[in-house]
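# Sharing a model that was predicted from the sequence below.
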Amino acid sequence: MLTPLGRLDKYAASENIFNRQMVARSLLDTLKEVSDDERDCIAVLERVSRLADDSEPTVRAELMEQVPHIAMFCQENRPSIPYAFSKYLLPIVVRYLADQNNQVRKTSQAALLVLLEQELIERYDVETKVCPVLIELTAPDSNDDVKTEAVAIMCKMASMVGKDITERLILPRFCEMCCDCRMFHVRKVCAANFGDICSVVGRQATEEMLLPRFFQLCSDNVWGVRKACAECFMAVSCATSQEVRRTKLSTLFINLISDPSRWVRQAAFQSLGPFISTFANPSSSGQFFKEEECRNSEDQNFAEEHSSERTVESEDAPTHDVQSQTELPLDDDVSDSSETLENSKEECNSMSVHSQAEAMLPCSWSPKSSEETADESEQHFDHTSAAVVPAPALRSKANSVSEQELYNSFHFWRTPLPKIDMDLELQEPTGILDSETQEGKQEDVASASSNISMATRKELEEMIENLEPHMDDPDVKAQVEVLSAALRASSLEPQEEVAASVGKSVDCLSEMTVKDQLNCKIIQDNTVPLINDAVEDIVDSTLRYIHHDSDLSTNSSFSPDEEKKSKIQDIVPQALLDQYLSMTDPSRAQTVDTEIAKHCAYSLPGVALTLGRQNWHCLKDTYETLASDMQWKVRRTLAFSIHELAVILGDQLTAGDLVPVFNGFLKDLDEVRIGVLKHLHDFLKLLHLDKRREYLYQLQEFLVTDNSRNWRFRAELAEQLILLLDLYSARDIYDYLRPVALNLCADKVSSVRWISYKLVSEMVKKLYNDPTPTFAIDLMNELVERFCRCLKWSGRQTFVFICQTIIEDDSLPMDQFAEYLLPHLLHLASDRVPNVRVLLAKTLRQTLLEKEYFLMCVNSHQEAVEQTIVALQMDNDNDVKYFASIHPASTKIADDAMSTASSTY
């Protein structure tokens with residue numbers, strides 16, 4: 001009979017490969033056999049070292065699979081030889097990392113990660129034995145495959161070895177590998193794991209050492225590298241400061257979204273929502289910004305101050321947002337002309353802030369016109385000087401006008417007037433202008449028109465110049481053609497239409513009231529002659545963006561330009577938000593990803609939390625578009641998260657914007673309805689009581705499904721109804737929830753019935769604790785009529801199950817149970833179906849008689865129960881006798897109950 005060591009030596013020297021594999025596979029068992037003798041354990045480990053030199057790769061791979069188990073055994077059972085692993089096993093693992101056989105290398109890599117994760121390798125060994133080998137494997141002259149795998153191991157082990165070792169030993173070589181010019185596979189691995197490295201080394205090392213490498217990888221020639229960068233962008237962003245995130249990473253991300261490769265754009269759009277979520281302010285609640293509220297309240301009180309604030313905002317606008325917006329059209333894969341025109345408008349909106357400030361001066365103040373007007377009358381002033389009128393002067397006029405009139409619908413359904421004179425209220429009632437005033441206005445209009453034309457031409461030339469390098473893109477080419485047409489139109493002689501503009505302005509102004517004039521735009525948008533309506537829209541959009549004359553209200557009857565401006569906020573770079581909102585564009589599904597709308601829906605709650613409820617208007621249209629998407633997967637995603645969005649938005653916005661969407665989901669496919677149903681309680685508890693009660697009428701509809709076999713839908717309904725009991729009054733529970741619960745108790749599937757028994761038990765408890773317990777009594781009477789006296793045996797068995805659940809949950813005081821339910825329960829002892837009697841025997845013996853009410857005090861109910869049990873012990877059915885006779889402690893109630901349930905499936 002061979003000893004364990006003798007058997008090990010015999011088969012380890014065998015020429016049969018399978019014998020040597022068996023030796024490797026049985027090493028752990030051999031160690032366990034000789035664990036009492038330390039010298040025998042050392043002998044086994046020495047034989048492991050010899051076996052590691054086997055020429056057969058399958059033997060080496062089999063050995064490496066056992067190394068983590070052996071190391072764990074040594075750590076747990078042989079603390080007296082802590083050096084065993086470091087001396088005998090770790091060198092094998094490290095050596096196999098450079099093995100010629102791919103299977104052996106993969107096995108050793110997996111073993112190394114397991115050992116690090118289980119903290120079986122000492123820190124000293126990591127620094128002196130593991131890291132030097134990995135750094136050597138990533139040398140320039142190393143094998144390509146080995147180098148790639150070594151980089152991957154370095155990245156994965158960074159989080160396990162900690163910040164100190166990673167910064168000292170791994171980070172320098174990782175930065176070198178990011179610039180590996182020969183092997184794009186290495187750069188791709190670095191890009192894929194970039195976020196993990198950043199999260200380990202922290203903000204300072206990330207911004208000083210890693211970000212420059214990340215910028216290089218994002219502009220790599222290989223699209224696979226850029227795609228990997230897009231996928232890890234959120235992790236990188238989390239490791240940087242808010243300033244770096246806003247000024248550098250946002251622009252970099254726009255480049256990825258505009259990448260020529262569809263796969264890069266696809267990955268970037270999938271990461272867009274998570275990246276936007278990193279802009280959330282952790283110091284705030286994430287749902288409200290007081291500074292924004294103060295600004296909005298001032299805007300509503302004083303329209304004049306709103307105008308001045310817009311001017312300040314335009315000067316303070318971050319330049320990186322504007323720069324990033326100029327790159328947006330590179331990714332706009334739009335085929336139809338209307339979408340191209342829209343993109344052109346977006347391009348017009350992305351001009352330099354410095355150009356905005358310069359362009360505002362000519363049309364805001366005209367010295368010539370103001371002098372002529374001053375000569376005419378001290379009280380008369382031209383509208384071109386309105387921008388420099390002190391705020392108190394305007395406020396004194398606004399005080400005489402009611403706030404309701406300031407925001408009447410007149411301003412929102414018609415095109416803004418081309419020219420408004422603020423001094424018409426000082427004119428004579430006849431409304432007739434003398435010849436000198438008209439001549440001054442003509443000269444003023446001509447001057448302002450010329451200035452606007454010069455500013456517009458300059459801005460259009462800059463945009464065309466920025467787009468020319470990307471003329472290969474047909475969409476960009478179409479935009480350049482539209483902008484060129486606008487440029488040619490702005491080059492026409494503006495004086496041709498000066499007289500017509502003045503006449504039109506006077507006619508329109510004669511119809512306006514003083515109240516209306518206070519809210520009208522001061523900018524002369526229509527004084528530039530244009531070749532057609534489309535180009536007019538472009539230039540009009542450009543001038544409006546320059547002067548920031550937007551957002552007096554979020555009224556849905558705004559023009560498209562005004563609606564676009566209503567989506568401007570200052571939490572996330574506007575270019576990122578614009579790209580996120582464009583994910584619902586049908587063209588994106590064709591040019592980027594067919595699932596792009598689903599990704600948009602998935603990340604929408606995170607984006608909403610980042611923007612806060614005060615900026616919900618930026619996302620409202622997008623959310624409604626997603627909610628009506630043709631793909632049910634998109635609607636399903638929204639349905640599963642609508643309760644989270646409701647928490648973010650608060651009860652007011654939820655009632656106005658989410659409730660209609662919620663109602664639509666209730667009537668959708670089962671795949672969508674299940675998302676709403678799973679969080680029905682979470683959503684309804686956020687609504688006011690009156691709104692919440694409206695859904696009582698719709699609970700019955702959940703019993704109807706597209707597929708009657710979808711029993712999980714009904715099981716989820718029962719779970720939610722248990723939670724909904726806390727939201728409604730006893731009257732509502734009895735009138736609306738009770739019928740649904742009783743229907744579920746008679747379901748064909750036992751799993752649904754089991755949950756329903758719990759539901760009825762909780763319902764009885766809720767109704768009994770109500771100040772008017774008559775509802776509970778009525779419910780118990782209905783249980784007797786509907787189930788206890790049911791003609792089908794399954795119904796009578798259901799009654800026993802309900803009684804058992806009520807007893808276990810203490811839903812009723814035992815005296816009340818004995819009065820209303822116990823007599824009917826005991827009556828089933830004479831039921832002709834054995835299954836009913838079996839369950840009755842278990843309920844009485846294992847549940848009812850364990851209650852103190854039947855143990856401590858003698859009463860008539862106790863005597864009736866004992867007599868019934870005696871009768872069941874004499875039953876003709878053996879199972880009934882068994883359960884009526886055994887002691888409760890000798891069996892498991894739950895197992896017995898489930899066995900009965902399964903027999904009635």
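Cool, got the structure.
# Now do the contacts for Tyr736.
By CB atoms under 8 Å, 6 or more residues apart in numbering, the residues touching Tyr736 are 696-697, 699-700, 728. Heads up, the C-betas are built off the backbone N, CA and C, glycines and all.
# Quick check: the two most widely separated of those?
Within the contacts of Tyr736, two members stand farthest from each other by CB to CB: Gln700 and Tyr728, at 14.5 Å.
# So which of those two has more stuff around it?
Each of Gln700 and Tyr728 has its neighbours counted (other CB atoms under 10 Å); Tyr728 has more, 20 against 13.
# now, which of the contacts of Tyr736 sits nearest Cys41?
Once CB to CB is applied, the member of the contacts of Tyr736 that ends up nearest Cys41 is Leu699, at 67.3 Å.
# which SS class is that closest one?
With DSSP: H, G, I helix; E, B strand; the rest coil as the basis, Leu699 sits in helix.
# Next, count neighbours for it.
18.
# likewise the one 4 residues further on?
One way to gauge burial is a neighbour count; for Leu703, by other CB under 10 Å, it gives 14.
# State the distance from it to Trp711.
12 Å (CB to CB, to the nearest Å).
# what does Ala152 give?
45 Å.
# In terms of helices and strands, where is Ile42?
helix 38-51 (DSSP states H and E).
# That helix: which residues count as buried?
Within helix 38-51, the residues scored as buried using 16 or more other CB atoms under 10 Å are 40-45, 47-48, 51.
# Would you format the residues you listed as a markdown table with pLDDT and distance to Thr637 included?
Formatted as a markdown table, the buried residues of helix 38-51 follow (pLDDT from 0 to 100; distance: CB to CB, whole Å):
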| residue | pLDDT | distance to Thr637 |
| --- | --- | --- |
| Asp40 | 82 | 60 |
| Cys41 | 82 | 56 |
| Ile42 | 83 | 59 |
| Ala43 | 85 | 61 |
| Val44 | 85 | 55 |
| Leu45 | 84 | 54 |
| Arg47 | 84 | 57 |
| Val48 | 86 | 52 |
| Leu51 | 86 | 53 |
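# Just the closest of these to Asp578, please.
Val48 (61.8 Å).
# How about the contacts made by Val93?
64, 67, 108, 111-112, 115.
# Where helices are concerned, which of these count?
64, 67, 108, 111-112, 115 (DSSP state H).
# Give me the buried subset of the residues you listed.
64, 67, 108, 111-112, 115.
# Tabulate those residues (CSV), appending pLDDT.
Output for those, formatted as CSV (pLDDT from 0 to 100):
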residue, pLDDT
Met64, 91
Val67, 90
Ser108, 93
Ala111, 92
Leu112, 93
Leu115, 92
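# how many neighbours does Gln204 have?
11.
# sorry, that was for Leu848
Neighbour number of Leu848 under other CB under 10 Å is 27.
# Any stretches of this structure with poor pLDDT?
Within the chain, the stretches with pLDDT under 70 are 1, 78-82, 282-460, 462, 466-467, 469-483, 485-567, 857-858, 887-905.
# quick one: the strands in it?
Here the chain has no strands by DSSP state E.
# So Cys41 is in contact with Leu31, correct?
Yes. Contact criterion CB atoms under 8 Å: Cys41 and Leu31 qualify, at 6.2 Å.
# Can you check which residues contact both of those two?
Cys74.
# From Lys766, how far out is Ile197?
55 Å.
# And those two? Which one has more around it.
Ile197 (30 against 21).
# quick one, what contacts the nearest residue to that one once chain neighbours are set aside?
Residue nearest to Ile197 in three dimensions, not counting chain neighbours: Ala158, with 5.6 Å by CB to CB, 6 or more residues apart in numbering. Neighbour list for Ala158: 166, 170, 196-197, 200-201 [criterion: CB under 8 Å, 6+ apart].
# Narrow those residues to those in helices?
196-197, 200-201.
# on that earlier part again, could you say what helices and strands the helix holding Ile42 packs with?
Helices and strands touching helix 38-51, by 3 or more CB pairs under 8 Å, 6 or more residues apart in numbering; DSSP states H and E, are helix 4-12, helix 17-25, helix 27-33, helix 57-77, helix 83-84, helix 90-96.
# rerun that using 6 Å as the cut-off
helix 4-12 (3 or more CB pairs under 6 Å, 6 or more residues apart in numbering; DSSP states H and E).
# What are the contacting residues of the helix it packs on?
With contacts defined as CB atoms under 6 Å, 6 or more residues apart in numbering, helix 4-12 is touched by 19, 23, 30, 33-34, 43, 47, 51.
# ok, Glu65 to Tyr96 distance?
In terms of CB to CB, Glu65 sits 11 Å off from Tyr96.
# More neighbours: the two, which one.
Tyr96 (23 against 15).
# you'd agree the more buried one is up against Ser108?
Yes. With contact defined as CB atoms under 6 Å, Tyr96 counts as touching Ser108 (3.5 Å).
# Now list whatever residues contact both of the two.
With CB under 6 Å, 6+ apart as the test, Tyr96 and Ser108 both reach Met64.
# Leaving out chain neighbours, which residue sits closest to Val146?
Nearest non-adjacent residue to Val146 (CB to CB, 6+ apart): Leu137, at 5.3 Å.
# ok now do Trp711, which residues does it touch?
Contacts of Trp711 by CB under 6 Å, 6+ apart are 749, 752.
# swap the cut-off to 8 Å and go again
747-749, 751-752 are the contacts of Trp711 under CB under 8 Å, 6+ apart.
# I'd like to know how far the nearest residue to Phe854 once chain neighbours are set aside sits from Ile170.
Nearest non-adjacent residue to Phe854, counting by CB to CB, 6+ apart: Gln862, 5.1 Å away. Distance of Gln862 to Ile170, given as CB to CB: 75 Å.
# Report the set of residues contacting both of Glu65 and Tyr96.
Between them, Glu65 and Tyr96 share the contacting residues Thr107, judged by CB under 8 Å, 6+ apart.
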